[in-house]
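Asker: next input, structure requested:
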Amino acid sequence: MRRLRINATVFASILVISNLCITKIDAQNLDNSFFTKPERPVETRWYSPENRDGKPGAGGQANYGRKGSPNAVIKPGETFVVADIKGSGVIRRIWATTDPFDDPIFLRSLKFEIFWDGESKPAVQVPMGDFFCHTFGKMTRFENVFFSCPEAQSYNCYIPMPFRKSAKIVLTNEGDRIMRLFYEIDCTMNEIHGPDMLYFHANWRRENYTKAREDFTILPEIKGSGRFLGCNIGMRQNPAMTSFWFGEGEFQVFLDGDTDWPTLCGTGTEDFIGTGWGQDHFDDLYQGCHYVSEEKKGLFNDFYGFYRFHVPDPIYFDKDIKVKIQVLGGAMLKAGLLKDMESNPSVRYMKAGKPGEHWSVEEIKGIEEEFFVLVEREDDYCATAYWYLDSPKNELSPLAPLAERIADLP
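Answerer: This next block holds a predicted model:
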């Protein structure tokens with residue numbers, strides 16, 4: 001209950017998220033819109049299997065009103081329209097659970113998409129589990145400002161998602177199993193949006209494995225104006241690099257014309273999510289490492305899932321944005337790096353710094369003292385990026401094929 005107390009800080013956060021995240025306004029003076037009904041005829045609607053069109057007075061009619069349609073059944077290969085909303089409004093909350101809910105391959109097989117204002121290209125295109133912060137499709141209990149999973153068996157999203165003309169949420173079952181989908185899409189309708197309204201977007205990427213000294217791209221270059229909201233990141237460590245720490249890579253944001261060097265640059269992976277000196281399981285309001293696998297090879301666990309959301313520290317862009325994280329590790333020269341090199345003689349280990357220089361066993365054995373070094377790593381990285389944009393569509397590539405999404409899962 002530590003983060004559910006409705007104290008002044010939490011209440012202010014709710015107001016900021018509800019009222020300010022959808023525009024590029026950084027207002028500090030909060031109004032009373034949270035606890036008073038708007039003068040305009042704003043209406044509340046829920047889209048669920050018991051009222052699929054969200055119509056007034058039309059809910060819960062199946063089976064004489066006695067829970068006759070609590071879920072939808074989606075067969076392999078089928079695309080299901082979760083909600084087709086007409087008019088202006090804001091999606092305020094998305095809740096769902098699936099049967100099955102605990103199979104990473106299955107969750108990675110579900111393609112989750114959202115279309116704004118009648119666009120044919122989705123603004124959101126992510127594996128369902130990953131969208132809701134279940135990195136690598138692995139269900140885990142956690143809670144943060146935008147997502148939660150109370151008992152490791154559900155999906156909750158609280159990101160405000162405004163639209164002017166329409167919103168359509170679609171789920172495609174690309175797996176080989178029949179699924180049951182329980183869901184609820186909560187929205188307010190007849191909202192009046194100003195010219196500075198921004199559309200919500202999300203994109204998923206994976207590189208299995210990355211290449212040495214080629215940083216992992218969390219969000220490819222986006223043109224336009226908006227706000228980067230944050231990301232959740234997954235890392236599966238390379239089995240040839242298990243004797244040294246994976247998280248020396250720095251988080252970097254290239255803004256508004258940056259080319260060779262970023263405007264925003266952090267100091268390390270665990271630093272990016274607000275901890276230090278390594279990372280273990282924790283889930284805080286804006287940052288966390290909510291998934292650490294039980295499997296462990298060498299010094300560290302096989303899989304990590306972690307997130308950071310920029311609510312109190314907004315990242316705005318006016319022309320373009322690109323977001324990366326370095327795939328960089330740190331090792332004790334002999335106890336870590338040399339140990340892995342001798343165990344994996346076919347693998348080349350690149351030095352951090354000048355491109356193209358590699359460590360050799362002979363070089364390390366010729367050094368008497370023990371010390372800490374930075375080493376370029378090649379690990380399995382995936383990420384879901386979340387942002388607001390002044391356009392209802394983006395020009396990013398379609399979601400990766402199913403085979404790429406489900407390979408090498410925990």
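
Asker: now E404, nearest residue through space, not along the chain?
Answerer: Nearest non-adjacent residue to E404, counting by CB to CB, 6 or more residues apart in numbering: R206, 6.4 Å away. All C-beta spots, glycine's among them, are computed from the backbone N, C-alpha and C.

Asker: tell me the confidence at the one you found?
Answerer: pLDDT for R206: 98.

Asker: that one contacts P401, doesn't it?
Answerer: No. Using CB atoms under 8 Å as the test, R206 is too far from P401 to be in contact (10.9 Å).

Asker: so if I had to pick from those two, which one is more boxed in?
Answerer: Using other CB atoms under 10 Å, the more surrounded residue of R206 and P401 is R206, with 21 against 9.

Asker: where do the helices of this protein begin and end?
Answerer: Secondary structure of the chain (DSSP state H): helices located at 8-20, 62-65, 104-108, 128-131, 269-272, 339-343, 361-365, 402-406.

Asker: among those helices, which comes closest to G226?
Answerer: G226 lies closest to helix 8-20 among those, at 13.6 Å (CB to CB).

Asker: re the thing from before, beta partners of the residue nearest to E404?
Answerer: Applying DSSP bridges to R206 yields these beta-bridge partners: C382.

Asker: residues touching it, list them.
Answerer: 380-383, 400, 404-405 (CB atoms under 8 Å, 6 or more residues apart in numbering).

Asker: out of those, which one sits closest to P160?
Answerer: Nearest to P160 among the contacts of R206 is A383, at 21.9 Å by CB to CB.

Asker: where in the chain is pLDDT low?
Answerer: Within the chain, the ranges that satisfy pLDDT under 70 run 1-35.

Asker: please report the distance of M235 from P70.
Answerer: 37 Å (CB to CB, to the nearest Å).

Asker: ok, the two, which is more surrounded?
Answerer: M235 (28 against 14).

Asker: ok, I233 touching F303?
Answerer: No. Counting by CB under 8 Å, I233 does not reach F303; the two are 11.4 Å apart.

Asker: what residues are shared contacts of these two?
Answerer: Counting by CB under 8 Å, 6+ apart, the residues touching both I233 and F303 are T135.

Asker: just the buried residues of the contacts of R206.
Answerer: Neighbour-count burial (16 or more other CB atoms under 10 Å) applied to these gives 380-383, 400, 405.

Asker: out of these, which is nearest to K223?
Answerer: K223 lies nearest to A383 out of the buried ones among the contacts of R206, by CB to CB, at 19.8 Å.

Asker: test my guess that the closest one contacts P220.
Answerer: No. Counting by CB under 8 Å, A383 sits too far from P220 to count as a contact (10.9 Å).

Asker: contact partners for the nearest residue to S397 once chain neighbours are set aside?
Answerer: The spatial neighbour of S397 that comes closest, neighbours along the chain excluded (CB to CB, 6+ apart), is P220 at 7.9 Å. Counting by CB under 8 Å, 6+ apart, P220 touches 203, 205, 322, 396-397.

Asker: may I ask which of the residues you listed has the most neighbours?
Answerer: N203 leads the contacts of P220 on contacts (other CB under 10 Å) with 23 neighbours.

Asker: please look at that residue and K393 and confirm they touch.
Answerer: No. N203 is beyond contact range of K393, at 11.9 Å (criterion: CB under 8 Å).

Asker: so which bits of stretch 147-159 are buried?
Answerer: The neighbour-count check on stretch 147-159 (16+ other CB under 10 Å) flags 147-149, 154-159 as buried.

Asker: can you show me the strands along the stretch 251-400 of the chain?
Answerer: Ranges of strands within the stretch 251-400 of the chain are 251-255, 264-265, 282-283, 287-292, 296-297, 300-301, 303-309, 315-317, 320-325, 328-332, 350-351, 372-376, 380-389, based on DSSP state E, counting those that start in this stretch.

Asker: list the strands paired with the first one, with their directions.
Answerer: Strand 251-255 has its sheet partners listed here by DSSP bridges as strand 264-265 (antiparallel), strand 320-325 (antiparallel).

Asker: show me how far it is from its chain's centre.
Answerer: In terms of CA atoms, centre = their mean, to the nearest Å, the centre of strand 251-255 is found 17 Å from the chain centre.

Asker: contacting residues around it?
Answerer: Residues contacting strand 251-255 (CB under 8 Å, 6+ apart): 215, 221, 228, 262-266, 269, 272, 308, 315, 317, 320-326.

Asker: can I get that strand in CSV, CA atoms only?
Answerer: Below are the C-alpha coordinates for strand 251-255, written out as CSV (Å, rounded to 0.1, in the frame of the first residue of the first chain):
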residue,chain,number,x,y,z
PHE,A,251,20.9,6.1,-21.9
GLN,A,252,21.0,8.8,-24.6
VAL,A,253,18.4,11.1,-26.2
PHE,A,254,19.1,12.8,-29.5
LEU,A,255,16.9,15.9,-29.8
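
Asker: cheers, nothing more for now.
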